[in-house]
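1. coords please:
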Amino acid sequence: MAEITLNDVKLLDGDSSPARRSVLAQKLAIDLKNKTLSETEYDLAIAICQKLADDVDTTVRRSLSHALKKNNDIPKDLALGLAKDVLEVSLPMLEFSTLLEDSDLIEIIHTGDNDRQMAISHRQTLSPTLTHSLCEAGSEAVVESTLKNEGASFEDNTYELVLQRFEKSEAIHAGLATRHQLPPHIIDLLVDVVSDQLKAYLLSHQTLSPVLIERVVLESREDAKRRLLHDPRSKRDAEKLVLAMNKQGKLTPELIFRALEIGDRPFFEYAMAHRVGIDIQAARTLIKDPGEKGFAALYKKADLPRKDFSAINYLVDVEYRSHSHSPITAREKRDPHAGQPESWLTETETKKKKWRLF
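-> Sure, this is the predicted structure:
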């Protein structure tokens with residue numbers, strides 16, 4: 001053998017120290033990794049490893065586990081035995097050994113040991129079955145670690161399980177938002193619970209349809225009421241969403257007009273301010289100008305379609321300047337038989353006439 005000497009082997013039956021036996025384990029691993037052993041030498045090396053795996057001293061078994069954790073040329077029963085040993089011996093095998101099958105790992109996951117689950121969550125690849133087991137039995141920290149593992153494969157029902165188990169966890173929401181290519185219906189579920197910062201991340205890293213973009217960036221009056229009832233201290237950061245949309249070239253007139261239509265004042269105001277290049281307070285002052293000349297100047301500077309000014313100005317008048325009328329798109333003013341409110345970005349039975357209200 002290249003690394004192990006005859007003296008090393010003799011020491012197994014002598015009074016060698018745990019440190020010396022640990023060194024022997026590391027030498028064995030080097031020989032097995034180099035694949036230079038004859039068949040007889042290989043059998044001897046494995047026999048010595050088996051003996052070391054039964055060593056009474058934990059440090060020796062831990063050294064062996066570390067040395068063999070990435071070796072696929074050892075018997076599976078040796079790897080599995082180390083994986084089921086005490087915690088400090090098992091962790092290297094659980095995280096790195098590809099000899100362990102999903103069924104072996106799932107059995108260990110369901111023992112409920114957090115440290116072992118965490119080690120498994122760090123594996124280079126995780127099958128959908130293994131991922132689901134971790135998300136089903138693991139703690140919040142284990143599930144967060146699994147979500148951050150780019151080699152973990154998720155099925156839709158696992159994402160749904162995670163959202164159901166950790167509905168109010170910001171760490172889990174962040175982990176979900178940063179997954180690659182989330183299914184659209186999972187993004188739709190996330191919209192109601194994630195921060196505007198995470199929404200901006202979703203916009204930058206996920207492929208979203210126009211309808212889903214509207215769902216992500218805009219907040220109706222009803223949505224705002226629900227948010228504030230759920231958490232009175234919650235704050236909206238519409239500016240972050242406006243900047244994210246503009247960066248992608250998707251801050252369209254249609255989206256800006258839709259924000260006004262459903263009563264999303266913050267988005268409408270920040271969008272107008274950003275298109276013109278003025279601060280938000282100045283934009284609000286111009287929008288609320290009783291004489292309407294301020295908004296007309298703002299609208300022109302924002303380079304929005306001239307043909308739509310009359311309609312948009314009417315909505316601004318109702319939304320900002322009138323105290324005797326509720327917004328025309330308010331739920332209580334709509335015909336209960338008319339179906340969903342029409343939008344350029346949301347499909348309805350009747351096509352909307354593009355803001356030609358007169």
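2. show me the shaky parts of the stretch 201-350 of the chain.
-> Applying pLDDT under 70 to the stretch 201-350 of the chain flags the ranges 323-350.
3. so Ala259 touches Phe267, yeah?
-> Yes: under the contact definition of CB atoms under 8 Å, Ala259 touches Phe267, with a separation of 4.2 Å. Backbone N, C-alpha and C define where each C-beta goes, glycine included.
4. between those two, which contacts overlap?
-> Residues touching both Ala259 and Phe267 by CB atoms under 8 Å, 6 or more residues apart in numbering: Leu218.
5. list the buried ones in stretch 240-247?
-> For stretch 240-247, burial by neighbour count (16 or more other CB atoms under 10 Å) applies to Lys240, Leu241, Val242, Ala244, Met245.
6. Leu202: which of those residues is nearest?
-> Nearest to Leu202 among the buried residues of stretch 240-247, counting by CB to CB, is Ala244 at 8.8 Å.
7. could you tell me whether the closest one really is in a strand?
-> No: going by DSSP: H, G, I helix; E, B strand; the rest coil, the assignment for Ala244 is helix, not a strand.
8. now it. Nearest residue, chain neighbours left out?
-> Ala200 (3.9 Å; CB to CB, 6 or more residues apart in numbering).
9. so who does the one you found touch?
-> Lys240, Leu241, Leu243, Ala244.
10. what about the helices in the stretch 101-250 of the chain?
-> Counting by DSSP state H, counting those that start in this stretch, the stretch 101-250 of the chain has helices at residues 102-109, 114-121, 128-137, 140-148, 156-165, 170-177, 184-191, 196-205, 210-217, 221-230, 238-247.
11. okay, the second one in PDB with CA atoms only?
-> What follows is helix 114-121, C-alpha atoms only, in PDB (Å, rounded to 0.1, in the frame of the first residue of the first chain):
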ATOM      1  CA  ASN A 114     -32.400  18.700  14.100                       C
ATOM      2  CA  ASP A 115     -28.600  18.400  13.600                       C
ATOM      3  CA  ARG A 116     -28.900  15.400  11.400                       C
ATOM      4  CA  GLN A 117     -31.700  17.000   9.300                       C
ATOM      5  CA  MET A 118     -29.600  20.100   8.900                       C
ATOM      6  CA  ALA A 119     -26.700  18.000   7.600                       C
ATOM      7  CA  ILE A 120     -28.900  16.300   5.100                       C
ATOM      8  CA  SER A 121     -30.300  19.600   3.900                       C
END
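12. chain center to that helix, what's the gap?
-> Distance of helix 114-121 from the chain centroid (CA atoms, centre = their mean, to the nearest Å) equals 19 Å.
13. now that helix: buried residues?
-> Arg116, Gln117, Met118, Ala119, Ile120, Ser121.
14. packing partners of that helix?
-> helix 87-96, helix 102-109, helix 128-137, helix 140-148 (3 or more CB pairs under 8 Å, 6 or more residues apart in numbering; DSSP states H and E).
15. which helices and strands sit right next to the last one?
-> Just to be clear, that refers to helix 140-148. Partner elements for helix 140-148 (3+ CB pairs under 8 Å, 6+ apart): helix 114-121, helix 128-137, helix 156-165, helix 170-177.
16. same question for the second one.
-> For helix 102-109, the elements it packs on are helix 76-83, helix 114-121, helix 128-137, judged by 3+ CB pairs under 8 Å, 6+ apart.
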